[in-house]
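Chemist: predicted model and sequence follow; I will ask about them next.
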Amino acid sequence: MIKRIVVGAHYGLKDWIAQRATAAIMMIYSLLMTVVLLIVRPSTFEAWQGVFANGVIKFLTFLFCVSLFYHVWIGVRDIWMDYVKATGLRLTLHVLTVTALVGYTAWAAAILWRL
């Protein structure tokens, strides 16, 4: 019996599944919010605030944002790894991308749970 020695970063399948899972979460959220908005039909700022005052909607919206940002991270990271050959530049782009996405996540939370 031959034992295969597997080396490398092992990103392939795990990240492929993660992107499909985050895409599914975003699709379900989009369909759910379409239904909610068709029922509520908010036409004023106060009505929109009312939709997002619901704790479940806030949580699902934040889950959507986290899914979106993780989905983006996987895709952009792969682009940097595939097309940027200079290690220092690639590392810099990774750090800038992660910093932006973490900042966007915090910003989304601040908007959703603003007093």
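Modeler: Thanks, I have it.

Chemist: tell me the buried residues in the host helix or strand of residue 38?
Modeler: If you go by DSSP states H and E, residue 38 is part of helix 12-40. Within helix 12-40, the residues scored as buried using 16 or more other Cβ atoms under 10 Å are 15, 18-19, 22, 25-26, 29. Any C-beta I mention is one placed from the backbone N, CA and C, and that applies to glycine too.

Chemist: need these in JSON lines (columns: pLDDT and distance to residue 60).
Modeler: JSON lines is the format used below for the buried residues of helix 12-40 (pLDDT from 0 to 100; distance: Cβ to Cβ, whole Å):
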{"residue": "15", "pLDDT": "89", "distance to residue 60": "24"}
{"residue": "18", "pLDDT": "94", "distance to residue 60": "19"}
{"residue": "19", "pLDDT": "94", "distance to residue 60": "20"}
{"residue": "22", "pLDDT": "97", "distance to residue 60": "14"}
{"residue": "25", "pLDDT": "98", "distance to residue 60": "9"}
{"residue": "26", "pLDDT": "98", "distance to residue 60": "11"}
{"residue": "29", "pLDDT": "98", "distance to residue 60": "6"}
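
Chemist: residue 22 contacts residue 68, doesn't it?
Modeler: Yes - contact criterion Cβ atoms under 8 Å: residue 22 and residue 68 qualify, at 7.2 Å.

Chemist: any idea which of the buried residues of helix 12-40 is closest to residue 96?
Modeler: Closest to residue 96 out of the buried residues of helix 12-40 is residue 15 (19.8 Å), distances taken as Cβ to Cβ.

Chemist: pretty sure that closest one sits against residue 74.
Modeler: Yes - using Cβ under 8 Å, residue 15 is in contact with residue 74, at 5.0 Å.

Chemist: excluding chain neighbours, what is closest to the residue nearest the centre of the chain?
Modeler: Centroid-nearest residue in the chain: residue 68, 2.1 Å away (criterion: Cα atoms, centre = their mean). Leaving out its chain neighbours, the residue that sits closest to residue 68 by Cβ to Cβ, 6 or more residues apart in numbering is residue 26, at 6.1 Å.
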